[in-house]
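1. next come a sequence and a model predicted from it.
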Amino acid sequence: MTKVNINVHQLTRVEGHGNIILDAKDGRIERLLWEVTESPRLFEAMLRGRYYEDVNHIASRICGICSISHTTASIKATEAAFGIQPSEQTLLLRKLLYNAETLESHVLHVLFLVAPDLLGVGSVFPLAETHPDVVIMALRMKKLAYNLAEALAGRKTHPLSCVVGGFAKLPDPNELKALRGRLEECITDLDTTANLLKTLSLPDFIRETEYIALTDPKEYAFISGEICSSDAGVIPVEKYLGVTNEFCVPHSTAKYTRHKRDSYMVGALSRFNLNHEQLLPHAKETAKELGLTAPCHNPFMISVAQLVEAVHAAEDSINIIDQILSTGLREEENMVMVKEGRGVGAVEAPRGILFHDYVYDENGVIIEANCIIPTNQNHNNIQKDFEALAPSILGQPEDKIRLTLEMLVRAYDPCISCSTH
C-alpha cells in the first residue's frame, strides 16, 4: 500500500493565505483541495455611504500590489455612472501609469516568486548570492516602474493624482524624458531575463479551459474594450455578472466563478491567447523566442506571458512618452457633474480582469458596490488544474508532487486575500 499525504499550510511566495491538501492511497485520490482560508475583506461595505471623491482612494487599498488597477477600475465605474468621457490626454496618461504597474508586478512575480522554483531554491534570498546580477537587474526594473508611477500619480502604491475625470497634477515632461532613457535600458534587461528564462524548464502540463479577458480592436487591452471569451465571443462589460456567475464552495472563503465551462482562466495567458496579435513588435519577438504561441493551454506558461507583457508595457511606455513630448501636455478643466446612476468599470489587472460596479444616489454617494477580483475568478480554475494534474504525478516522490502543485498555484500569481470580497 502506498500513501501520499500532502498538507501545505499557507503556501509561500504568494499574497495571502492558501493551503494545498492531497491525500491519496494506492494511486487513488481521496481528497484534493486548493483551500482559501482568508477572512472576508468587506471592502464593498466600506465604500457604501462614501462621496465619489473618496471612493477611488478607498478602493486602491484593496491591494498594495494592484493599487493602480483598483484605482482605475474605480474611477472608470464612477465615470460610467456619471456619464463622464475622459479626454484623450487623460486616457494616454492612464495607459502610461498602468504600464508602470504591469511592469512592476510582472517583474516581481517572474524573478522574485517563480524563479526560485526554477532554480531549485526556497526564496529569492539565496539567489542574491548565486545570481546577484539577476536580482540587481530585477530591483532596477522595479525601481523604474515605481519612479514612473510616482511621476504620473505621486506614488505607485495608493496613487494620488489620478482622479475622476482626469489628473489632479500633470507630470513633468523633463522627468518623463529621463524615464524614457531608463525604459530603453529596461528593454535590454527584459531581453536578458528572457534569455535566462530560455535556459530553464517549466512543467509540461496541458489543460484546455475557457479564457476570458478584455479585448479592444485598437490595441492590446488593459484599460479599454469589452469582455472577450474564447468560448462565447465579445460580451459588453455591463453584462459581467452573466460571465462571472459567482458561487460558494465549503473549502474556500473566496467565491468561485464559472461561465461556459466548469471553470475559466483570467490573467496574462488569457490576454495573450485572446489578443496576441496586438502585441507590439518587440513583445511579439520575445514571445517567439520563448516558444509562446497561441493558443497555449499550459498554465505554467503564465509567467512567460507575463514577461512578454512586461516587454509590451516598456515598449508602449516609450511610444506614449514620445507622443507626450511631441504634442505637449495641457492643463484641463476637470468638471464633474454628479448624478444618480450605475456604472461598471473593467480593467486588466496584472492577474486578470477586474470589475468594479457602483450605484450612486443623486448626491454622488455610493449606495451599492460590487468588486470581483481576478484571483477570485482563477480559484476554480486552479482547483480544476489540480484535478487534472495530480493523477499524472502521483507516482513521483512526495516532495516533487508537493513542489509541482505549489508551482502551479504560484504560476497564477494569486492575490488571495484580495479575492475574499
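-> Happy to help now that I have it.
2. give me the element Leu183 is part of.
-> Under the assignment given by DSSP states H and E, the secondary-structure element containing Leu183 is helix 173-198.
3. buried residues in that helix?
-> Within helix 173-198, the residues scored as buried using 16 or more other CB atoms under 10 Å are 176, 179-180, 182-183, 186-187, 189-190, 193-194, 196-197. Heads up, the C-betas are built off the backbone N, CA and C, glycines and all.
4. so where do the strands sit in the stretch 201-350 of the chain?
-> Assigned by DSSP state E, counting those that start in this stretch, the stretch 201-350 of the chain shows strands spanning 210-215, 226-229, 233-235, 264-265, 341-349.
5. picking up where we left off before, nearest to Val365 among the buried residues of helix 173-198?
-> For the buried residues of helix 173-198, the residue nearest Val365 by CB to CB is Leu176; the value is 36.4 Å.
6. excluding chain neighbours, what is closest to that closest one?
-> Excluding its sequence neighbours, the residue lying closest to Leu176 (CB to CB, 6 or more residues apart in numbering) is Ile321, at 5.0 Å.
7. ok, how many other residues are close to that neighbour?
-> Ile321 has 21 neighbouring residues, counting by other CB atoms under 10 Å.
8. to Ile62, which of the strands of the stretch 201-350 of the chain lies closest?
-> Between those, strand 341-349 lies closest to Ile62; by CB to CB that is 10.2 Å.
9. sorry, back to before: mind checking how far the residue nearest to Leu176 is from Asn174?
-> Computed with CB to CB, to the nearest Å, the distance linking Ile321 and Asn174 is 11 Å.
10. repeat for Val365
-> Applying CB to CB, the value for Val365 to Asn174 is 40 Å.
11. please apply the same query to Gln306.
-> Relative to Asn174, Gln306 is positioned 31 Å away (criterion: CB to CB).
12. could you show me where the helices are in the stretch 51-200 of the chain, in order?
-> If you assign secondary structure with DSSP state H, counting those that start in this stretch, the helices in the stretch 51-200 of the chain sit at 52-59, 67-82, 88-107, 115-118, 124-130, 132-153, 173-198.
13. okay, those helices, which one's buried deepest?
-> Mean neighbour counts were taken over the helices of the stretch 51-200 of the chain using mean count of other CB atoms under 10 Å, and the top value, a mean of 27, falls to helix 67-82.
14. mind saving the C-alpha coords of that helix as CSV?
-> Output for helix 67-82, consisting of C-alpha atoms alone and laid out as CSV, is shown next (Å, rounded to 0.1, in the frame of the first residue of the first chain):
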residue,chain,number,x,y,z
SER,A,67,-3.4,49.8,-6.3
ILE,A,68,-3.4,51.4,-9.7
SER,A,69,-5.7,48.7,-11.1
HIS,A,70,-8.2,49.2,-8.4
THR,A,71,-8.0,52.9,-8.6
THR,A,72,-8.5,52.8,-12.4
ALA,A,73,-11.4,50.4,-12.3
SER,A,74,-13.0,52.5,-9.5
ILE,A,75,-12.6,55.7,-11.5
LYS,A,76,-14.0,54.1,-14.6
ALA,A,77,-17.1,52.8,-12.7
THR,A,78,-17.7,56.3,-11.3
GLU,A,79,-17.2,58.0,-14.7
ALA,A,80,-19.7,55.5,-16.3
ALA,A,81,-22.3,56.2,-13.6
PHE,A,82,-21.9,60.0,-14.1
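15. what packs against it?
-> helix 52-59, helix 88-107, strand 162-163, strand 341-349, strand 352-360 (3 or more CB pairs under 8 Å, 6 or more residues apart in numbering; DSSP states H and E).
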